[in-house]
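J.: need coordinates for the following:
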Amino acid sequence: MKILVLNSGSSSLKFQLFDMPSGTVIIKGLAERIGEKSGLFRIGDYKVEKALPTHKEALELLTDYLLTSEHAILKNKDEISAIGHRVVHGGNTFVQPTIITNKVKDKIKELFSLAPLHNPANLIGIETAEKIFPNAIQVGIFDTAFHQSIPVKNHKYAIPNEFYEKDIRKYGFHGISHQYIAQKTVEILGKDTRKIISLHLGNGASATAIIDGESFDTTMGFGPMNGLIMGTRSGDLDQSVVFYMMDKMGYSSAEVQAILNKKSGMMALAGSNDLRDIEARANQGDAQAKLALKMYANAIQKYIGQFTAQMNGLDALVFTAGIGENSDVVRKLVCEELDFLGIEIDLNKNEKPKDYKGDITGKSSKVKVMVIPTNEEQEIANQTFTLIN
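T.: Sure, this is the predicted structure:
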């Protein structure tokens, strides 16, 4: 059975085609810089550079590759039995993998305001896939589902209970990635690894405290803007700032949301949301870039300390996603001065983690520090296959 997995991010589309149940990857690729002046679509050595205004254009390139290009993989569309979609916000409605129906799509639309950078892109992926592959079963795998295990003391806000009864609470995101990392970490380090902090660091970023494979607390909340500093999102912010911007500075609700979602974070601090550019400028002595990196790492350190205290211990700290897996600079900055918590990295291993199977733990460290590539697509394929079978 062939299952296509579509992972639509705020400015990217990752995809993999799996042969299930073996889990064999037939192809995998990425479309990035969606919505920018110049986009990039690639599968291995095959590359197309052109503007990708929306995720629709990226999916059309993927379809051309699968069916009509010289690299064609499929004889016809019906070879794909199911398509698994990452959907960021499922609210309280979707707590497990779900077959997509019109009612499901309507509910995803209702949640647009809670994940404005993601749920619209997720829905575009779903609707485009429905048109291109009309006979494939469309399945939604929700980022919020893994975090349903977070206890009430960690997911309830200290506001009047009537709002909690109307589903205003912490939901958490990147759950598919954190769930994969939780399983993979135990697989690598053994079952005694009970308490884990998973750092999913990409253009979107979150940290999750995990106990015995279940989410215990996480940095993102009601929507995917809270917590860590991100590419274009502010992370934690005093609520009074929002009121001041609206009441005293004249910004509308929509304008404030756009600023905090699309013009803040590293973009605001350093003028770019690409960590590679920021690191290069920092190496050249750019004070603005240096400060941005320090603030980025400092926000992560705060939550490492908080989560370690909440769990009363820590067995493993795991870096994952684009920045977590590829930036030795960020890993070094994050792990500096955490020896009180028993966290220390080997700087040589940190520069080439793949040479050490991802283990960058220092000799004196009481906590295992790992770099483990996430594979949300594999997790989505597994959950999709399990549901339809």
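J.: burial of the residue nearest to G322 when sequence neighbours are not counted, as a residue count?
T.: Nearest non-adjacent residue to G322, counting by CB to CB, 6 or more residues apart in numbering: G202, 4.4 Å away. Just so you know, the C-beta spots here come from the backbone N, C-alpha and C atoms, and that holds for glycine as well. If you count neighbours by other CB atoms under 10 Å, G202 ends up with 22.
J.: and what of K50?
T.: Around K50 sit 10 other residues, with neighbours defined as other CB under 10 Å.
J.: can you pull out the strands in the stretch 101-250 of the chain?
T.: Shown for the stretch 101-250 of the chain, the strands assigned by DSSP state E, counting those that start in this stretch span residues 137-142, 195-201, 205-211, 214-218.
J.: tilt between the last one and strand 195-201?
T.: If I follow you right, that is strand 214-218. Here the directions of strand 214-218 and strand 195-201 differ by 60 degrees (axes from the mean of the first three to the mean of the last three CA atoms, to 10 degrees).
J.: name the helices or strands packed onto strand 214-218?
T.: When contacts are defined as 3 or more CB pairs under 8 Å, 6 or more residues apart in numbering; DSSP states H and E, strand 214-218 packs onto helix 175-189, strand 205-211, helix 287-311.
J.: in JSON lines, list these along with distance to G250, mean neighbour count and mean pLDDT.
T.: Supplementary listing: the helices and strands packed on strand 214-218 in JSON lines, determined by distance: least, CB to CB, whole Å; neighbours: other CB atoms under 10 Å; pLDDT from 0 to 100:
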{"stretch": "helix 175-189", "distance to G250": "37", "mean neighbour count": "23", "mean pLDDT": "96"}
{"stretch": "strand 205-211", "distance to G250": "31", "mean neighbour count": "27", "mean pLDDT": "98"}
{"stretch": "helix 287-311", "distance to G250": "28", "mean neighbour count": "18", "mean pLDDT": "98"}
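J.: wait, K366 touches G342, no?
T.: Yes - K366 is within contact range of G342, at 3.1 Å (criterion: CB atoms under 8 Å).
J.: before we move on, back to that, which stretch among the helices and strands packed on strand 214-218 comes nearest D355?
T.: Taking CB to CB, helix 175-189 is the member of these nearest to D355, at 15.6 Å.
J.: mind checking how far that closest one is from the chain centre?
T.: Averaging C-alpha coordinates over helix 175-189 and over its chain gives two centres that are 14 Å apart (CA atoms, centre = their mean, to the nearest Å).
J.: what's next to it, contact-wise?
T.: 86, 141-147, 193, 196, 198, 200, 206, 208, 210, 213-215, 218, 315-316, 318, 320-321, 357-358, 368, 370, 372, 374-376, 378-380 (CB atoms under 8 Å, 6 or more residues apart in numbering).
J.: can I have the buried ones of these as a ChimeraX selection?
T.: The following ChimeraX command selects only the buried members of the contacts of helix 175-189, with burial defined by 16 or more other CB atoms under 10 Å:
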select :86,141,142,143,144,145,146,147,193,196,198,200,206,208,210,213,215,218,315,316,318,320,321,358,368,370,372,374,375,376,378,379,380
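J.: what's near enough to touch L114?
T.: Listed by CB under 8 Å, 6+ apart, the contact partners of L114 are 89, 91, 171, 222-223.
J.: quick check: the farthest pair among these?
T.: In the contacts of L114, two members sit farther apart than any others by CB to CB. They are G91 and G223, at 10.8 Å.
J.: more crowded one of the two?
T.: More neighbours surround G223 than the other of G91 and G223, with 22 against 18 (other CB under 10 Å).
J.: surely that one and A115 touch.
T.: Yes - with contact taken as CB under 8 Å, G223 and A115 are classed as touching, separated by 6.0 Å.
J.: between those two, what contacts are shared?
T.: H89.
J.: mind listing what the closest residue to I300 other than its chain neighbours touches?
T.: In this structure, I300 finds its nearest non-sequential neighbour in V334, 5.0 Å apart by CB to CB, 6+ apart. By CB under 8 Å, 6+ apart, the contact list for V334 reads 199, 297, 300-301, 304, 319.
J.: neighbours of the residue nearest to S10 when sequence neighbours are not counted, just the number please.
T.: What sits nearest to S10 in space, not counting adjacent residues and going by CB to CB, 6+ apart, is L117, at 3.9 Å. Other residues near L117 come to 21 when the count uses other CB under 10 Å.
J.: pLDDT score for L117?
T.: Each residue has a pLDDT score; the one for L117 is 75.
J.: I26 versus that one, what's the distance?
T.: L117 sits 29 Å away from I26 when distances are taken as CB to CB, to the nearest Å.
J.: equivalent analysis for G204, please.
T.: Computed with CB to CB, the distance linking G204 and I26 is 27 Å.
J.: more crowded one of these two?
T.: Each of G204 and I26 has its neighbours counted (other CB under 10 Å); G204 has more, 27 against 14.
J.: the closest residue to that one other than its chain neighbours: what's it in contact with?
T.: Sequence neighbours aside, M230 is the residue nearest to G204 in space, at 5.4 Å (criterion: CB to CB, 6+ apart). Under the criterion of CB under 8 Å, 6+ apart, the contact partners of M230 comprise 203-205, 265-266, 273.
J.: quick check: domain ranges of the protein?
T.: With domains defined by automatic domain parsing, the chain comprises 2-142, 190-371.
J.: can you give me the end-to-end span of the first one?
T.: Across domain 2-142, the terminal residues are separated by 21 Å (CA to CA, to the nearest Å).
J.: pLDDT weak spots in the stretch 101-250 of the chain?
T.: The model of the stretch 101-250 of the chain has no residue with pLDDT under 70.
J.: can you show me the helices along it?
T.: In the stretch 101-250 of the chain, the helices defined using DSSP state H, counting those that start in this stretch lie at 102-110, 119-132, 152-155, 161-164, 175-189, 239-247.
J.: just name the most buried of the ones you listed.
T.: Comparing those on average neighbours per residue, with mean count of other CB atoms under 10 Å, the densest one is helix 175-189 at a mean of 23.
J.: okay, angle between that one and strand 214-218 too, please.
T.: When the same axes, to 10 degrees is applied, the directions of helix 175-189 and strand 214-218 differ by 120 degrees.
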